[in-house]
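Q: okay, sequence plus prediction incoming.
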Amino acid sequence: MVCEAVSGYICNMEIYSAEGKKLEDTVLSLSDRYLGQNHHIYQDNFYNSVRVAQTLLNRNVRVCGTMRANRGIPRDLEGEGKRLKKGSQRSGGKVT
């Protein structure tokens, strides 16, 4: 579901059923009209993965959200940074 940030108006919606279409394809089809326009996408851990985030970043779309460990961990978060303390975040290589 793609919603307008201020009003919450639903701009686009697609139900992901895991049959016949990959998750990445579903995310890209929902965000297709916004690619290359420097938009920001906020998503929960069901739709986020390293591959989806990298694909969107390559198309000028920023991604923010939580990520499931079984969907891949970015290399700079492996090891010590894999588990951040509650309330901390990592941005630009720094943990705050």
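A: That came through, no problem. Numbering: from 1, shown residues only.
Q: from here on, contacts and neighbour counts on C-alpha atoms
A: Will do.
Q: quick check: the residue most central in space within the chain vs residue 12, distance?
A: Centroid-nearest residue in the chain: residue 48, 4.0 Å away (criterion: CA atoms, centre = their mean). Relative to residue 12, residue 48 is positioned 18 Å away (CA to CA, to the nearest Å).
Q: just the element for the residue nearest to the centre of the chain, please.
A: Counting by DSSP states H and E, no helix or strand carries residue 48.
Q: got a pLDDT number for residue 81?
A: For residue 81, the model assigns a pLDDT of 54.
Q: how many neighbours does the residue lying closest to the residue nearest to the centre of the chain once chain neighbours are set aside have?
A: Spatial nearest neighbour of residue 48, excluding adjacent residues (CA to CA, 6 or more residues apart in numbering): residue 67 at 5.7 Å. By other CA atoms under 10 Å, 17 other residues sit near residue 67.
Q: show me the contacts for residue 67.
A: Taking CA atoms under 8 Å, 6 or more residues apart in numbering as the criterion, residue 67 is in contact with 44, 45, 46, 48, 49.
Q: in this structure the fourth one contacts residue 69, no?
A: Translated: residue 48. No: counting by CA atoms under 8 Å, residue 48 does not reach residue 69; the two are 10.5 Å apart.
Q: find the nearest non-adjacent residue to residue 59, please.
A: Nearest non-adjacent residue to residue 59 (CA to CA, 6+ apart): residue 36, at 5.2 Å.
Q: and for residue 10?
A: In space, and not counting its chain neighbours, residue 10 is closest to residue 3: 4.4 Å by CA to CA, 6+ apart.
Q: give the contact list for the one you found.
A: Residues in contact with residue 3 (CA under 8 Å, 6+ apart) are 9, 10, 11, 12.
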